[in-house]
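Peer 1: what's the 3D shape of this:
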Amino acid sequence: MAFIEDLLSVFQEFSEDDGNSNFTYTIVYGGCSKVIPHQEFRLYLLIPAAISTVLLAFSTRRTKQKLHLLNGRPGLIFPMDVMKRSHRFSYAAAFGTLAHLCSNIVFDAKYAFHYNGPTYLKVLIALVSMLIYGMGYFPLFAGITTESPLGYLVATLFSWVFTAEFFANSFCTQKMNISYLILIIGVLPEMLCYLYLTFSLPVRFVLSIAKPEKKTKLAVDFESSEDLYESVRKSYQGIHVAKLFKRPPPPPPPPEGAKEKLIFLLKNLTGMVFYKRTKGFRYSTRIMSVIAIGFILLCEVTFLLFIVFYQAFEYAEKILNTLKVAEDFLTTTDRKALDMFLFLGTALRGCFLTSLMVAYTINVVFLLHYMTSYRNNLLLLYKGKNEHLIPMTEKSNASLIVGSMRYAGYQVGYIGWGFFIQFLLLLTFSVVIATIVTLWDVIKDLILQQIMILWPVLITSLVLNILQLVLSKFLFLQENGDILAMDNRRLFFIFTYFMFFYNIFIGIFSCLMRIIKAIILGALFLPRLDHSTLPKKFQRMDPGFDAYCGFMHVESIHTNPVAMVFISILQAESLTALKRKEKKILNIVLRDEYQEMLAKKRRKARWKWLLAYTLVNNPEISLQRRLVLAKERNENIKEIFFSHSSSFTVKSTKLDLEDVIIQSERL
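Peer 2: Predicted coordinates for the structure are as follows:
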């Protein structure tokens, strides 16, 4: 956001010092040399980042290739498992520390090093800068992912380095005085992310050494070293699956009285505005990270724009007041113009600040609604419903993966530029209203003249629309519009014929309203990728919505709770059987003969009891088993068979075993 900082530096010489050194802190965002320069810091950071990455790689084993070489080391490490839900807040805080860097990339295209070469090579320089930024933060994310003492140590050291750089550059001494409290508010969200990492990562490092845990990699996100099945049961996937087997509560009865209807309406409005948690659902790491970056980005941009406009209007007001001092040398017309400019400046200040805060509030509320939309869409995808999204069958698997990779970066960019465009539209609208109010005495006649010309058109359009609706319900449809069956067809044909000419006239203004609505809704929903700004048949041409659809389909396929619970149960069965086998081998070696004989008797008794229970409840199996045993003992098969079936008759006293089995199957 260098362009905002440059604007602030213009007003340095006009800032005043109130002398209260206990409450103010001397800063300005432009015009000072940073304590830790940006480019030099990013370049020198590559050295410890490369060393730390190699150390983390040697702490991990390979899983497939060349396992015999160097005992399977080094392994391939990754910064974050985008399909898991563990360490969500740590990842969100780590991405939150990138918010200022993301704002520089979105608004200023800031490079990691100085470049003054040809313009056509700037794209290549930008790609190299993104690689440098990624490598600098790679050990922080990879250290959290490895969940080892070395990983937490590396992540702790890098978080401390980034925290020191943040505080040094955010609170460096400069020329302009500003309230210390306002400064803290401006950087508070990002500062909380730094402090969270600064204190939480050392604690995890100590715990990983004091209480090392050998974790079993189940498909679910919760693990207990004591009981694998308890891990599945207590995980959010297990809670979700358990809810599927419960009967949903019946819908509440519709409200009857006026008071109950009002309360019901207020509850619905509250549910639409405020966020409501759903038990058994956990947001993905990427969603939490995107929301964190988006919120911090909005806070920083709003804070800096607020300071810019505040200083700009202070400067303009100072100039106008200076001119007002020389009022004796001004004519009456000049005095009126000066008073009008002072009033207009005050009105414009209110427009700027109001538009800024309204745009900020809209986007913050949209972030909460975006989380709710993500949850609802993902739960519907778990059920196989994808009406709101582009169907997976209409896209290739490669395009879905590409959309999933693009999503997080697209969302941050859309949040930044969507906020800026909304602010400009609100500012334009409020400035027009403020100008009309300020210049009302001058343009009053012109506005009233236009209103007198337009109001008959507006009233006529409103009356005709209401008339068409009322006649359609009570005259042209049967049972007052409850069923789609025509009535009074001749009157309907006559009315449709004459309304053709009127609707041509109304359609002109309807077209203007359509354009205005498209502009307003397009700008309003620009930051939200879960809603396409294009019609349904052209949604694939919307790159943001296309990326969101790919992300959602990949999420639903790889994080489906039913599939994760089923896989985890199979894993738990396999691991439990393996542990039993290892324990059995160990017990055979250690047990004495008496214990071994006792164990055999118990197993034999248990097996006989289960066999007896099965045979009693399945007579056919009992018969077939006796026939097989009789053959083994050379007993009289005929006698055994006739003792179980009185309806069976034989012609010969000698029967083969195969004949008896065939007859038993017929019975």
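
Peer 1: so where do the helices sit in the stretch 351-500 of the chain?
Peer 2: In chain order, the stretch 351-500 of the chain shows helices spanning 397-438, 440-474, 489-524, with DSSP state H, counting those that start in this stretch as the criterion.

Peer 1: err, the stretch 551-667 of the chain, not the other one
Peer 2: Using DSSP H, counting those that start in this stretch, the helices assigned to the stretch 551-667 of the chain run over residues 561-590, 593-617, 619-633, 637-644, 657-666.

Peer 1: which of the helices of the stretch 351-500 of the chain sits most buried?
Peer 2: When you average the neighbours per residue for each of the helices of the stretch 351-500 of the chain (mean count of other C-beta atoms under 10 Å), helix 397-438 leads with a mean of 18. Just so you know, the C-beta spots here come from the backbone N, C-alpha and C atoms, and that holds for glycine as well.

Peer 1: now do that one: distance to the chain's middle.
Peer 2: Once both centres are worked out by C-alpha atoms, centre = their mean, to the nearest Å, helix 397-438 turns out to sit 17 Å from its chain's centre.

Peer 1: what helices or strands is that helix leaning on?
Peer 2: Under the contact criterion of 3 or more C-beta pairs under 8 Å, 6 or more residues apart in numbering; DSSP states H and E, helix 397-438 touches helix 99-103, helix 285-325, helix 332-382, helix 489-524, helix 543-558.

Peer 1: contact partners for L98?
Peer 2: Under the criterion of C-beta atoms under 8 Å, 6 or more residues apart in numbering, the neighbours of L98 are Y137, I293.

Peer 1: separation between it and G136?
Peer 2: Between L98 and G136 the distance is 10 Å, computed by C-beta to C-beta, to the nearest Å.

Peer 1: same question, E317
Peer 2: As for E317, its distance to G136 is 44 Å (criterion: C-beta to C-beta).

Peer 1: that older thread, format the helices of the stretch 351-500 of the chain as a markdown table; extra columns: mean pLDDT and distance to D81.
Peer 2: A markdown table is the format used below for the helices of the stretch 351-500 of the chain (pLDDT from 0 to 100; distance: least, C-beta to C-beta, whole Å):
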| stretch | mean pLDDT | distance to D81 |
| --- | --- | --- |
| helix 397-438 | 87 | 13 |
| helix 440-474 | 81 | 55 |
| helix 489-524 | 84 | 34 |
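
Peer 1: about what we covered before: F166 is nearest to which of the helices and strands packed on helix 397-438?
Peer 2: Comparison of the helices and strands packed on helix 397-438 against F166 by C-beta to C-beta identifies helix 99-103 as nearest, at 8.0 Å.

Peer 1: any residues touching the closest one, and which ones?
Peer 2: For helix 99-103, the external contacting residues (C-beta under 8 Å, 6+ apart) are 1, 110, 133, 166, 189-190, 193, 292-293, 296-297, 300-301, 412, 416.

Peer 1: return the member of those residues nearest to Y502.
Peer 2: When these are ranked by distance to Y502 (C-beta to C-beta), G416 comes first, at 46.3 Å.

Peer 1: my guess is that closest one meets L297, correct?
Peer 2: Yes - with contact taken as C-beta atoms under 8 Å, G416 and L297 are classed as touching, separated by 5.7 Å.

Peer 1: show me which of E317 and G136 is the more surrounded one.
Peer 2: G136 (22 against 15; other C-beta atoms under 10 Å).

Peer 1: list the contacts of that one.
Peer 2: Applying C-beta under 8 Å, 6+ apart, the residues near G136 are R42, L45, L46, A49.

Peer 1: and the nearest residue to it once chain neighbours are set aside, what's its pLDDT?
Peer 2: Computed as C-beta to C-beta, 6 or more residues apart in numbering, the closest residue to G136 that is not its neighbour in sequence is L45, at 4.4 Å. The predicted local confidence for L45 comes out at a pLDDT of 87.

Peer 1: what is the burial count for L45?
Peer 2: Around L45 sit 21 other residues, with neighbours defined as other C-beta under 10 Å.

Peer 1: export the helices of the stretch 351-500 of the chain to JSON lines and tack on distance to C102?
Peer 2: Output for those, formatted as JSON lines (distance: least, C-beta to C-beta, whole Å):
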{"stretch": "helix 397-438", "distance to C102": "6"}
{"stretch": "helix 440-474", "distance to C102": "44"}
{"stretch": "helix 489-524", "distance to C102": "22"}
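
Peer 1: L615 is nearest to which of those?
Peer 2: Checking the helices of the stretch 351-500 of the chain against L615 by C-beta to C-beta gives helix 397-438 as the closest, at 52.3 Å.

Peer 1: what about M552, how many residues close to it?
Peer 2: The number of residues packed around M552, counting by other C-beta under 10 Å, is 26.

Peer 1: any buried residues in stretch 567-575, and which?
Peer 2: If you call a residue buried by 16 or more other C-beta atoms under 10 Å, then stretch 567-575 has these buried ones: I567, S568, I569, Q571, A572.

Peer 1: for the second one, give me its contacts.
Peer 2: To tie it back to what came earlier, the one meant is S568. Residues near S568 by C-beta under 8 Å, 6+ apart: L218, A219, V220, L228, S231, V232, S235, Q237.
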